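K.L.:
Coordinates for the following, if possible.
(2 chains)
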Amino acid sequence: LNSCARLLQSCRTHQSIFQGRQIHLVLLKRGVVSVVFFANCLLQMYSNCGRLIDARHLFDEMPQRNEFSWNSLIEGCLKSRDNGTALEIFSSMPCRNIFSWNAVITGFAKCGDLDIARRLFNEMPVRNMTAWNSMIHGYIQHGRPNEALSLFKKLNLDPAESARVDNFVLTTIIGACANLEALDYGKQIHARIIVSDVEFDSVLCSSLINMYGKCRDLDSAACILNWMTEPDEFSLSALISGYASCGRWIEARRLFHRSRSPSLVLWNSMISSCVHNGQGEDTLELFNKMRVDRTSADASTFASMLSACASLGVLENGKQVHAHAYKVGMVYDKIVASTVIDMYCKCGSSENACKFFGELKEYDTILLNSMINAYSNCGRIEEARWIFDAMPCRS
RNA sequence: GUGACCCUGGAUCGC
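P.N.:
Sure thing, here's the model as predicted:
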């Protein structure tokens, strides 16, 4: 039974619903589905697999529920982007615990409904660092760094709260410094980490390296990497990008070759650095080496490759990369799709862009912007106009 | 098997 519970927790994708259902049957046979613990595991499984109706049904049938049950249902809604229902369930809960509050706050903060998130945050009776961090992180991710920093200041106003600031919050703030290239403030936070007893875990270290790299203070970045006993691929890749962005290719390459078979993360940072440097030829070469190495590409790799083809204006290579992305089922990623469109336009084949657009069923604003461009290039002004009018949000 | 199970942070990617 224990392993059933563990297996249920590993069902986290739409595909694992089959396994989940089998375990549900096993639990039914054992007659334990009405035990809250097992019912909760099932509920969580259905929520994680995106089966909200099944989850809801199970929930309604449960003879007993606890906060966990409600929270699983809420998380299921949030995961399926049904925030309205999530909030409704949250409001109708008989009693909420800290997880309930954090779940809705992070759910709304993540998708940019920051004012709702903030309202909930303000209403929250007792906040922990998770709540603070979700809120701060939400502001940063949605382009409101000043509000993030002012919330962080508020957090530090209360000495008791300030003392509880953890690696998560500090990593988030360091990330903000990286985005804003705020080296001085970043250094202050770094100093605070040293004097406080916060542990330098791998995530915090890589974000510090990233921050110094973005601020072009490569010596400090390298210093941290050298202090680490076993730097992970994210730290290495942050430093590689830092070196490359300053044109220090020798150091970048040396880091890249430190591991005999570089991981996808390292390949991506090298490839994208080449693209940003306008070294399109090198990019294509790197990509070939990567394939020889049998490292499979992800959406970022394809986006970089396509944008390299676009800036070189090499249609044939672009088509090859497009075909490759198609073969591995990556063209329907929104970012890859819009780079495909952009690539065709810049390679002078807007017709191909239009053709490809016809195969898509999901778009976002950026992708549609590229399409306006494509249609205009073909002289299909009516269609360009039509997309513009149909756009849900224009910028 | 019930002080169990649930929440937050890092590299690279598009107009």
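
K.L.:
gap between residue A:220 and RNA strand B?
P.N.:
Between residue A:220 and RNA strand B the distance is 15 Å, computed by CB to the nearest atom of the strand, to the nearest Å. Placement of C-beta: from N, CA and C, glycine included.

K.L.:
in whatever helix or strand that residue lives in, what's buried?
P.N.:
Assigned by DSSP states H and E, residue A:220 falls within helix A:218-227. Residues A:218, A:220, A:221, A:222, A:224, A:225 are the ones in helix A:218-227 that count as buried (16 or more other CB atoms under 10 Å).

K.L.:
pretty sure the fifth one contacts residue A:211?
P.N.:
No - Residue A:224 is not in contact with residue A:211 according to CB atoms under 8 Å; the separation is 9.7 Å.

K.L.:
Enumerate the residues of the stretch 251-395 of chain A near RNA strand B.
P.N.:
A:264-265, A:268-269, A:271-272, A:276, A:298-301, A:303-304, A:307, A:334-335, A:337-339, A:342, A:364-367, A:369-370, A:373, A:395 (CB under 7 Å from any atom of the strand).

K.L.:
In helices, which of those residues appear?
P.N.:
In helices, judged by DSSP state H, the following of those are found: A:264-265, A:268-269, A:271-272, A:276, A:299-301, A:303-304, A:307, A:334-335, A:337-339, A:342, A:365-367, A:369-370, A:373.

K.L.:
Just the buried ones from the residues you listed, in PyMOL syntax?
P.N.:
Restricted to buried positions by 16+ other CB under 10 Å, the PyMOL selection for these reads:
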select buried, chain A and resi 264+265+268+269+271+272+299+300+301+303+304+307+335+337+338+339+342+366+367+369+370+373
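
K.L.:
Looking at the buried residues of helix A:218-227, which is nearest residue A:313?
P.N.:
Ranked by distance to residue A:313 (CB to CB), these are led by residue A:218 at 32.7 Å.

K.L.:
distance of the closest residue to the closest one other than its chain neighbours from RNA strand B?
P.N.:
Leaving out its chain neighbours, the residue that sits closest to residue A:218 by CB to CB, 6 or more residues apart in numbering is residue A:242, at 5.5 Å. Remark: distance between residue A:242 and RNA strand B (CB to the nearest atom of the strand) = 8 Å.

K.L.:
What of residue A:293?
P.N.:
16 Å.

K.L.:
for residue A:123, same thing?
P.N.:
When distance is defined by CB to the nearest atom of the strand, residue A:123 is 16 Å away from RNA strand B.

K.L.:
So what does that residue look like in phi/psi?
P.N.:
Backbone geometry at residue A:123, expressed as degrees, to the nearest 10, gives phi -80, psi -20.

K.L.:
Run a quick neighbour tally on it.
P.N.:
Residues near residue A:123, counting by other CB atoms under 10 Å, number 9.

K.L.:
Same check on residue A:166?
P.N.:
16.

K.L.:
pretty sure it contacts residue A:196?
P.N.:
No - using CB under 8 Å, residue A:166 is not in contact with residue A:196, being 9.6 Å away.

K.L.:
Can you pull out the low-pLDDT segments for chain A?
P.N.:
The model of chain A has pLDDT under 70 over residues A:393-395.
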